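Undergrad: would you be able to build a 3D model of this:
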Amino acid sequence: MNVTGATIVRQVAPDRLEIKEGGGCLALFGVPFLAAGIFVTLIGVRIVPLANARDIPAWGWPLIVLMGLAFMAVGGALVFGRRWIIVDAGRGTVSKHWGLLVPMRGETLSLAGYDAVVVRLQSGDSDSVDRYPVLLRATGGGADLPLQSTTQYGESREGAAAIAKLLRLPLVDAATTHESVLAADRADAPFPEQPPGADLRGDAPRPLRMKCQVRESSRTVEIILPGPGFQWRKLVGPAISVGVLSYLAPELLRFFRQTHTPEAVQTAILGFTVFFFVVIPLVGIFNAARLASRGRTLVTASPEGIVIEERGAWRARSTRLPAVEILGLDYGTAEDAFASAQRGAEQRVLARRGVAPRWLAVMRRFVASKGITVKSRKGLFTFGAGLPDDEVRYLHALIVRALGDPDGRRW
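TA: As a prediction, this is how the structure comes out:
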């Protein structure tokens, strides 16, 4: 689990910006460690008595104290630990400080040698979540300077825009498939107010065959994306459950007769078995069939913004993104995803063997598109994953034109 603390970005002077990290959820996560450390330490110094104190050897008490101090150190660092980063445009420096509630130690670095502020995606795994670090990009292939890292895209993008405007550096958004570049004075501008060269814009031909439906009017585009459909492999699990029940039921009834089990107990056990092996799998099939017939996503784009309505098996969920909160619009094709995965795999394989295997090209058919990603102050919202590449490009161009600009013009 990856628990993050609070990040506060504020401008403390016309040419100075402070980034403060620590506290928040991270402090709450550390409270049990701190409390446990204090309690164990009190036991070790024999302030808190133990009923079996006589059974503990002499060397055990110092060990208990050390364990308590270790827990106290971890909990204290989580509860009271803070980090301050001061970006000083006037002096051309970045100062980093660490401490417990107040700065205790730190270092100062020069801003020379950095040419852009970058927001990237640091993908998580089964034990952690995605993070969006903000860095100063070094020129000449040098090491980038990390400034901020949060689990919320909107928060990181807002901090990056503030830093870019302060330092008068371009903002590079590399959190999605394609990078976008904004000048410092437009770093926090909404998408419709950004210059055409700042993001992916342009036209794309309509595919001959499309999986989704499109309705256009003078100012609005409606896109109906199909649901996931019914996947026949969902029948495998229920079939196995029914097969197992068919095999176990006669043996279970025979056991009941031999042991003279009361009828009430037999009914309860059989009812639970049927519920677990038959009812639950059938409910899953019913929900999957209902989702296949009713599930869909309706995307409405206009100069006012984007509305994403996702209809599930039983209820619908709507997300409204006003145009003033939309920061960018990107798309990811299967070709892009495969190229990225292939580069990473080839680099790892070549480092070990020196020859890229042929099976990499075969994996191309199993890679799906990522669809369209709306980058907003609320976060990242994706729809249309799995559509053909040409359809993804066409829908992206439609939505870009629908957003237009405040005067109603379209690119």
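Undergrad: how near is residue 90 to residue 161?
TA: 20 Å (Cβ to Cβ, to the nearest Å). The C-beta positions use only the backbone N, C-alpha and C, and glycine is treated the same way.
Undergrad: so those two - more neighbours on which side?
TA: Taking other Cβ atoms under 10 Å, residue 90 and residue 161 do not tie; residue 161 has more neighbours (23 against 9).
Undergrad: what helix or strand is the more buried one on?
TA: helix 153-167 (DSSP states H and E).
Undergrad: now residue 300
TA: Judged by DSSP H and E, residue 300 forms part of strand 296-302.
Undergrad: contact partners of that strand?
TA: 219-227, 306-311, 383-384, 398-399, 402-403 (Cβ atoms under 8 Å, 6 or more residues apart in numbering).
Undergrad: now, of these, which are buried?
TA: Buried members of the contacts of strand 296-302, counted by 16 or more other Cβ atoms under 10 Å: 221-223, 225, 227, 306-308, 310-311, 383-384, 398-399, 402-403.
Undergrad: can you pull the contacts of residue 226?
TA: So residue 226 contacts 211-212, 296 (Cβ under 8 Å, 6+ apart).
Undergrad: okay, now the unreliable bits of this protein?
TA: 1-5, 24, 196-202, 229-231, 313, 341-366, 405-411 (pLDDT under 70).
Undergrad: ok, which stretches of it are helices?
TA: Using DSSP state H, the helices of the chain run over 25-44, 60-80, 153-167, 236-259, 263-274, 280-294, 334-352, 359-362, 389-403.
Undergrad: residue 320 is nearest to which of the ones you listed?
TA: helix 389-403 (14.0 Å; Cβ to Cβ).
Undergrad: return the alpha-carbon coordinates of the strand holding residue 300 using PDB.
TA: In PDB, the C-alpha atoms belonging to strand 296-302 read as follows (Å, rounded to 0.1, in the frame of the first residue of the first chain):
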ATOM      1  CA  ARG A 296     -22.800   1.700 -23.100                       C
ATOM      2  CA  THR A 297     -21.000   5.000 -22.700                       C
ATOM      3  CA  LEU A 298     -22.400   8.300 -24.000                       C
ATOM      4  CA  VAL A 299     -19.900  11.100 -24.500                       C
ATOM      5  CA  THR A 300     -21.200  14.600 -25.300                       C
ATOM      6  CA  ALA A 301     -18.700  17.300 -26.300                       C
ATOM      7  CA  SER A 302     -19.500  20.900 -26.900                       C
END
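Undergrad: any buried residues in stretch 83-100, and which?
TA: 83-89, 94-98.
Undergrad: quick one, what contacts the closest residue to residue 248 other than its chain neighbours?
TA: Sequence neighbours aside, residue 273 is the residue nearest to residue 248 in space, at 7.5 Å (criterion: Cβ to Cβ, 6 or more residues apart in numbering). Each residue near residue 273 by Cβ under 8 Å, 6+ apart is listed here: 245, 248-249, 252.
Undergrad: mind putting those into CSV with neighbour count and distance to residue 51?
TA: What follows is the contacts of residue 273, written out as CSV (neighbours: other Cβ atoms under 10 Å; distance: Cβ to Cβ, whole Å):
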residue, neighbour count, distance to residue 51
245, 17, 51
248, 13, 49
249, 14, 52
252, 15, 48
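Undergrad: and those residues, which is closest to residue 326?
TA: Looking across the contacts of residue 273 and measuring by Cβ to Cβ, the closest to residue 326 is residue 245, at 52.1 Å.
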